[in-house]
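**Student:** Sequence first, then the predicted structure, then my questions.
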Amino acid sequence: MQEPVIPAADPQAAPAVEAAGIHKRFGSTRALRGVDLSLQPGRCLGLVGRNGAGKSTLVSILSGLVAPDAGEVRLDGRPAPSLGDIAAWRGRIAAVFQHSMVVPSLTVAENVFLGRPPARRGGAVDWRRMREQTRKVMTDWGFDVNADTACGNLTVEQRQVVEITRALAAGTRCLLLDEPTSALERGAAERLFERIRQLQAQGVAILYISHHLEEVFEICTDVAVLRDGEMVLNAPLPEVTKDDLVTAMVGEQILSAERSLAPAPAPREPAGAAAAGARPDLVLEGVTFASPGVFLGNVSLTVRGGERVGVTGLRGSGATTLARIVAGAIAPDVGQVRLGDHTLRPGDRASALRTGIGYIPEDRQVDGFVPLLGAAENIAMTITDRIARGGFISPRRREARAAPLARRLSLVSAGLGQPVRELSGGNQQKVTVARALASDPVLIVAITPTRGVDVASKELLLSELDRITTETGASLLLASDELDDLVICDRVVVLVRGEIFTEFTEPPFDREALIAATEGLGAT
Amino acid sequence: MSDTKNNLDALAADVESALARRRSRSAAAISWVREAALLPVLAVLLVVGAILNPHFLTVSNITGLGQQISSLGVVVVGESLILLIGGMDLSLEATYGLAPMVAAWLIVPAAAFGNGMMLNPYLGLLIVLAVGAAVGLVNALLIVKGRLNGFIVTLGMTILLAGIQEGIVKGESPFALPNAFSYLGSAYWGKIPVSLIVTAVIFVLTGLFLRYHRMGRAIYAIGGNREAARAAGIKVNRVRMGVYVAGSVLAAIGGLMEAGRVSSVASTQGYGEGIIFAVFAAAVIGGVSLQGGRGNMVGAASGVVLLGVVQNILDLENVSNYWIDAIDGGVILFALILARVIGGEASAE
C-alpha cells in the first residue's frame, strides 16, 4: 500500500483541507460569509445544509473551480495552488459530482489518466503502462473494474469507482463527494460506504455532501452544517443528534413546526366512496417493455379512482418505467393503459394530458422545465389551450393562473417571470410539480418528486401532494425509491426485476419489510 | 401542517423573494442592455455613413436600402423561427431561388426563357408559395419523422434544389416578369417600397406571434428544452414540422421579392449568391441562438438592418469589389464580439 496508515485523529498531522474565513458573493447574494472548515486525514466530514445554504459554492471553492472573495484555502498545510492550475489542484483534492464526469467512449484506463496519460519518450502514449497502473491502483484500493472496458458500458456505480480511482491515481488523498448516492440503488450505496470506510482507514480525507442525514450518521466521523452561507455547527458526530442537525439546518425558530412533520402522516382512508365512484380507475393490462437495463414483464395493475398507489423497487426494477408508460412519456412494447373509458394512446404525452394525467418527471433537468423561460410560463405550459384566447395568451392571465400554485408550493422567485434556470434546485422542482398540478389532473403520475430537494421542501411537496389528492379526489401513481415519499400512499406495490413482487396495503408501511421486498426477500 | 409553520414559511419566502427581486433587477437591466446592444453600433454606422457620403441620408438611398434588405429580412424571419426551435435550415437560400424560378419559368414566354406554358401570373404567385411549402414539408419529414440530421439533410437539399433551379432553365435567367408577379418586389406606395412595408409587417406579426401566441410560446419551449416541452404535453413534432414549412414559405416569399426587385430570376439567385451566410450572420448578430430557445424579432431585424447599412456604405463609397467580402466578414466578426462584450454572454448560447 502506498502510505502508512495515519491514525484517525492525529492532532499533529496537517489538515488535508483547511479553509479560513471564506467569503463569496454573487451579485448581491452573499453565498458564503466567513466559513471556516478543517478536515484531517482519515476523517470523513459530512457537510449538510438546505438547498441554497452555500454547499455547492463551498465545494467549488475547495476544488479550485471558483476563487473566494476573501479567505484562504490550505491543502496539506500548504497554500492552495492558483485558480488556473487545475492539474495542481487535482493532485491534491478531487471532487466527484452527482453527474458523472467520465467520457463514455473511452476506456476505464483512459478515463483514469484523462488529460495526463503516461507517455514514452517523444510523447507517444504508453498504453501498456497506463493499463498496468490503472490495474495497480484498482488492486491497491480493492476496487474491481476492468481497465479495458469502455466506460459507456459501466454501471453508474462503476463509473463512480472510475472517478475515485482517477483521483487516487493522481496522488490525491482528499476527496469531495457531492451527493454520491443520489444516482445509486441501495446495494450500490452500501458498497460505496464500504469503499469510503476503506479509503478513510488508509488515511484519505473525505468531505461528504448529502441531503440524507441517515447516510451522514452511517459513515461520517464529523459533521458540519451550513445555513445561509454560515457554518452554524461543526462537531464530531457522536456528540451530535439528528435533532441537533435539523435544528442547525433550518434554524431554531421554525424547528418545532418542522419536527411535527417528521412522523409519517396519519394513515388516511382512501378517498370517500362517493368520490371514488365518480373518479376514473387507472387500469394497466399486460404492460410489457424491454430496453437495455430496464424490463417490465406483463404487468397488470389497477389504481382505483382517488386511490394513491406507490410503486417502488431497485433501480432497473421497472418502477420508473411503469410510471412513464402511464404518463405517455414512452410507449410499451405490448399491453394497454386505460383511464376510465379512455384507452391511452401509447407514448403520446399530449393525449395523456388531455385525458387528465398530470406528470412529474423523474429528472427535472431533463424534462422538468425549460430553463430560459419564466416560472409562470413553465407552470402554465400544460394549460396553454385553456388560457389562450383565439390562440393568444396574455402574460397577465398566465400569471394569474400560475400564481396560486406558486404560492401554494411556497415558490421563492423574484417574480414569476424569472427564468427557471436562475432558481435553486428545490424551487425548480416546485415549478415542475406546479406544472403537473396546473392542469387539474384526475391522475397525477409522480416519479421521485422529492429528489435533490432539502428536508423542508421535501415535506412541503409531499404534504401538498397529499392535500391536493385529498381535496380534488385525484388518484396518484407515485414511483419512487425513496421510502419517505411513500408515506402519502394508501398502497405500495413493489416491483422486482420488472414484475410485481408484492403489495403493502396497510399504511404505515414497515420500512424494513419494504426494503426486504425491494431486494426480493420475504413475501407478505 | 400547522399554521405557525405556514406563517414562518411565508415570512421566510417573503424575505427571500425580496432579495431575489433585487438580484433580478440588475439582471433585467443587463438583459435590456443586451437587447439594445446593436443600437449604438447602428448609430455609429449611420453617423459614419453620413460623414462619408452626403447621399447616404437621402430618402432615395434609404428607401432603396429598405428595398434591398427586405428580401433578406423575410428569409431571416424564416431562419430565426427554425433556429429558435433548435433546428437549422441551409436550404432556405435554395428555396429562395427555386420557388420564384419555377413560377417564372411557368409564366414567362419561351423567348424570355420560360417553358412556354405561360400560366396566369396569379397562379404563379401560388406556385411560389406551394414550392416553398413543399420543400419545407420534405425537409420536415426527413428531419422530424425520419430523424435525420438537419444540417446534412438541408445541405443535400440545397444542392439538389439549386441544381433544379439551374437545370430547368439551362442556366438562363427568365425575365419579362408580369407586373402582378414583380409587384411585391418593385412597387412603391408613395415613396416607400411595398417590399419594405410587407417585410416590416412580417417582422411585427411574427414578433407578436412568438411573444403571445400558444404556438409561438411552444417554439421557445421546444427550443429551450425539447423533452420538457414534450412532457408538458406540447405536440413537439407537429410544431417542429410547422416551423420548417413556415420557414421555407417565408424564404420563397423573400425570393419573390428579390425577383421583382431585379425584374428577373437569375439562375444564381440564392445558392449562387451564397445568401445563407448573410442570413445566419444577421440572425446571430441579432442575438438568435444557434442552440435554440433564445432570440427575438427585434434582434433579428436589427441584425438585418446592420448588415444592410454596412453593405450600403461600402456600395456608396465604391469600395473595390475585390475587398467587399473581406470588409463584410470583418464587420460581422466585430458585431459578434461587440454583442458578446456588451451582453456579457455568448450570443451563441
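**Tutor:** Yes, it's here. Everything numeric in this text was worked out from a predicted model, so none of it was measured.
**Student:** Give me the nearest residue to residue 288, chain neighbours excluded.
**Tutor:** Because you didn't say which chain, this covers chain A. Distances taken as C-beta to C-beta, 6 or more residues apart in numbering or on different chains place residue A:334 nearest to residue A:288, at 4.2 Å, with adjacent residues excluded. For every residue, glycine as well, the C-beta is placed using N, CA and C.
**Student:** The intended chain is chain B.
**Tutor:** residue B:295 (3.1 Å).
**Student:** got a list of what the one you found touches?
**Tutor:** With contact taken as C-beta atoms under 8 Å, 6 or more residues apart in numbering or on different chains, residue B:295 is in contact with B:80, B:83-84, B:283, B:286-289.
**Student:** at 6 Å what do you get?
**Tutor:** B:84, B:287-289 (C-beta atoms under 6 Å, 6 or more residues apart in numbering or on different chains).
**Student:** Also residue B:228?
**Tutor:** A:367, A:369-370.
**Student:** Which strands and helices lie in contact with whatever helix or strand residue B:103 lives in?
**Tutor:** Under the criterion of DSSP states H and E, residue B:103 resides in helix B:92-107. When contacts are defined as 3 or more C-beta pairs under 6 Å, 6 or more residues apart in numbering or on different chains; DSSP states H and E, helix B:92-107 packs onto helix B:59-84, helix B:121-140, helix B:150-168, helix B:236-262.
**Student:** Dump the third one to CSV, restricted to CA.
**Tutor:** Output of helix B:150-168 as CSV, limited to C-alpha atoms (Å, rounded to 0.1, in the frame of the first residue of the first chain):
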residue,chain,number,x,y,z
GLY,B,150,-30.9,18.7,-40.1
PHE,B,151,-27.6,20.1,-41.2
ILE,B,152,-26.9,17.3,-43.6
VAL,B,153,-30.5,17.0,-44.9
THR,B,154,-30.7,20.7,-45.7
LEU,B,155,-27.2,20.7,-47.1
GLY,B,156,-28.1,18.0,-49.6
MET,B,157,-31.4,19.7,-50.3
THR,B,158,-29.7,23.0,-51.0
ILE,B,159,-27.5,21.4,-53.7
LEU,B,160,-30.5,19.4,-55.2
LEU,B,161,-32.8,22.5,-55.3
ALA,B,162,-30.1,24.8,-56.8
GLY,B,163,-29.4,22.1,-59.4
ILE,B,164,-33.1,22.0,-60.4
GLN,B,165,-33.2,25.8,-60.4
GLU,B,166,-30.3,25.8,-62.9
GLY,B,167,-31.4,22.8,-64.8
ILE,B,168,-35.0,23.7,-65.7
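**Student:** remind me which residues of the stretch 201-349 of chain B are low pLDDT?
**Tutor:** For the stretch 201-349 of chain B, applying pLDDT under 70 flags the ranges B:339-340, B:342-349.
**Student:** interface residues of the stretch 201-349 of chain B facing chain A?
**Tutor:** Contact residues, the stretch 201-349 of chain B versus chain A (C-beta under 6 Å from any C-beta of the partner chain): B:212-214, B:221, B:224-225, B:227-228, B:230-233, B:235, B:293-294.
**Student:** so which of those residues is the most crowded?
**Tutor:** The most neighbours of any of these, using other C-beta atoms under 10 Å in any protein chain shown, belong to residue B:232, which has 32 neighbours.
**Student:** Not counting residues beside it along the chain, what's closest to it?
**Tutor:** In space, residue B:232 is closest to residue A:381, 4.0 Å off (C-beta to C-beta, 6+ apart).
**Student:** Which residues of the stretch 251-400 of chain A lie near chain B?
**Tutor:** So the stretch 251-400 of chain A meets chain B at A:254, A:257, A:349-350, A:353, A:359, A:361, A:366-367, A:369-370, A:372-373, A:381-382, A:384, A:388, A:391-393 (C-beta under 6 Å from any C-beta).
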